[in-house]
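# Pasting a predicted model and its sequence here:
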There are 2 protein chains.
Amino acid sequence: MGVEERRQQLIGVALELFSRRSPDEVSIDEIASAAGISRPLVYHYFPGKLSLYEAALQRAADDLAGRFVEPHEGPLGARLLRVMRRFFDFVDEHGPGFSALMRGGPAVGSSTTNALIDAVRQAAYDQILAHLGVENPPARLELVVRSWISLAESTALIWLDGRRIPRAELEYQLVHDFAALAAVSAAHDEEMAMLMRQVLKDEPTDGPFSDLVGRLISLAS
Amino acid sequence: MGVEERRQQLIGVALELFSRRSPDEVSIDEIASAAGISRPLVYHYFPGKLSLYEAALQRAADDLAGRFVEPHEGPLGARLLRVMRRFFDFVDEHGPGFSALMRGGPAVGSSTTNALIDAVRQAAYDQILAHLGVENPPARLELVVRSWISLAESTALIWLDGRRIPRAELEYQLVHDFAALAAVSAAHDEEMAMLMRQVLKDEPTDGPFSDLVGRLISLAS
């Protein structure tokens, strides 16, 4: 194998191990053994476990950011639901590593890992604004989108802790949570109300957003 | 001063400095100077900056958890709004330190600090369940409460980043966000719907929850 090819293979092996267990439980020996090479050879490519962890995390971050990309076609609610499914696929695949990373701590809370997490959050934020067709968001829209992204993270973390609620329900509920938080903001601010009316005017009556309104009306009656 | 008195004074001085700037920008020299004692004397009471930081954080965590305590009297929406005001008072008083802590990173992300943050989250969770009068919460209620707590944290962090939205609006909106997330969950699950009906049956028509329904109805029409 060439140098770059070997590096990429090691990153893949490491990512799989770091995903399945908390990173501080994974040793270089284990990575070497899983990759079928010697421990000194691992150090030939990566100076230490932290640099291998950061490279694996970079690959996972790129993967996750890629899952946010969705064609600008069809109803917004359905687009968001497809992205939520891919987000939970990712969370499912990387469960223990995702939990350890997002819960922080000395093993995983370096400034590099924090910057990678922030970059993924920013990618999610940029995608949502692009789908909403808003270039210069008012502060209240930025708040709704960014705080909903954190809600999606915490929902995924709580789901991983025991998986007591079917993930399909949470994926759908997060789409409804987005609509609910946007509605609360619109109920407090006229600019947000106008923006949301504009954004939602083409949503179909059988889409997720209309479904939420129907559910709430039947709940209230 | 006695030993314990001196320790408490140092913790107070340190908390004030750690609150106003990122902890990694605060030196032991500065703390010693603000306390009017010599640098070696600081080390007599605390082995290093981290232990002083953790002691200051413990005091801040106790303070914050204390602000969650609210008499079990009157409408729930009004209780939650009072707690949100005290939460934003705290965030306002400790802004830069709160941001640095919650954004993590090597300077502040030790396992001790993470345990302190989790304890405050747990205190908030326990208080909310006690006010709702629920002893054994179903998984969906736990999700609503815990994910709303994380929403309150992220809303406060976004507010601190520029303070572009009046905090009184955010305090009130977070009460509405709680109702909105609970409503979404109730719209998906019959047990949650029954629980929410039970919890909200005594809310007055001029309280925050009725106000939200009124706002949403006028928004929809």
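That came in fine, so what should we check first? Numbers count the residues shown, from 1 in each chain, chains lettered A, B, ... in the order given.

# what about the most centrally placed residue in chain A, helix or strand, and which?
Geometric centre of chain A, nearest residue: A:F87, 5.3 Å, by Cα atoms, centre = their mean. Using DSSP states H and E, A:F87 sits within helix A:76-93.

# and that helix, is it in reach of chain B?
No - Helix A:76-93 is not in contact with chain B by Cβ under 8 Å from any Cβ of the partner chain; minimum separation 13.4 Å. For glycine as for every other residue, the C-beta is placed from the backbone atoms N, C-alpha and C.

# and if you look at stretch A:38-53?
No - counting by Cβ under 8 Å from any Cβ, chain B has no neighbours in stretch A:38-53; the shortest distance is 11.2 Å.

# Rounded mean pLDDT for that stretch, please.
For stretch A:38-53, the mean pLDDT works out to 94.

# Tell me where chain A is predicted with low confidence.
Low-confidence segments of chain A (pLDDT under 70): A:105-109.

# How is it divided into domains?
Using automatic domain parsing, the domain ranges for chain A come out as A:1-67, A:72-221.

# for these, which one sits closest to B:P208?
With Cβ to Cβ, the closest approach to B:P208 among the domains of chain A belongs to domain A:72-221: 11.2 Å.

# Tell me the spacing between A:V175 and B:S147.
Distance from A:V175 to B:S147, counting by Cβ to Cβ, to the nearest Å: 14 Å.

# got it, and A:F18?
Counting by Cβ to Cβ, the gap from A:F18 to B:S147 is 26 Å.

# For those two, indicate the residue with more neighbours.
Neighbour count, other Cβ atoms under 10 Å in any protein chain shown: between A:F18 and B:S147, A:F18 has more, with 27 against 24.

# need the contact list for the more buried one.
Taking Cβ atoms under 8 Å, 6 or more residues apart in numbering or on different chains as the contact definition, A:F18 lies against A:26, A:53, A:56-57, A:97.

# Can you name the two of those residues that sit furthest apart?
Maximum pairwise distance among the contacts of A:F18 (Cβ to Cβ): 12.6 Å, between A:V26 and A:L57.

# rewinding a little: highest neighbour count among the contacts of A:F18?
A:Y53 (27 neighbours).

# any idea how far A:H44 is from that residue?
Distance of A:Y53 to A:H44, given as Cβ to Cβ: 17 Å.

# now A:F87
To A:H44, A:F87 is 36 Å away according to Cβ to Cβ.

# where exactly do the helices run in chain A?
A:3-20, A:28-35, A:39-45, A:49-67, A:76-93, A:95-102, A:111-132, A:139-160, A:167-188, A:190-200, A:208-220 (DSSP state H).

# Could you identify which of the ones you listed is most buried?
helix A:167-188 (a mean of 23; mean count of other Cβ atoms under 10 Å in any protein chain shown).

# How far off centre is the helix holding A:F87?
Distance, stretch centre to chain centre, for helix A:76-93: 9 Å (Cα atoms, centre = their mean, to the nearest Å).

# Touching, A:Q9 and A:L15? I think so.
No - contact criterion Cβ atoms under 8 Å: A:Q9 and A:L15 do not qualify, at 10.8 Å.

# between these two, what contacts are shared?
With Cβ under 8 Å, 6+ apart applied, the contact sets of A:Q9 and A:L15 do not overlap.

# Just give the nearest non-adjacent residue to A:D202, would you?
Computed as Cβ to Cβ, 6 or more residues apart in numbering or on different chains, the closest residue to A:D202 that is not its neighbour in sequence is A:P75, at 7.2 Å.

# For A:Q58, give me its contacts.
Contacts here follow Cβ under 8 Å, 6+ apart; on that basis A:Q58 touches A:L116.

# about what we covered before: show me the contacts for the residue nearest to A:D202.
With Cβ under 8 Å, 6+ apart, A:P75 has these contacts: A:202-204, A:207-208.

# hmm, try it at 6 Å
When contacts are counted by Cβ atoms under 6 Å, 6 or more residues apart in numbering or on different chains, A:P75 touches A:203-204, A:207.

# want to throw the residues you listed into a markdown table with neighbour count and distance to B:P138?
Formatted as a markdown table, the contacts of A:P75 follow (neighbours: other Cβ atoms under 10 Å in any protein chain shown; distance: Cβ to Cβ, whole Å):
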| residue | neighbour count | distance to B:P138 |
| --- | --- | --- |
| A:E203 | 16 | 31 |
| A:P204 | 12 | 32 |
| A:G207 | 19 | 28 |
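
# Which one of the residues you listed is nearest to chain B?
Nearest to chain B, judged by Cβ to the nearest Cβ, of those is A:E203 at 13.5 Å.
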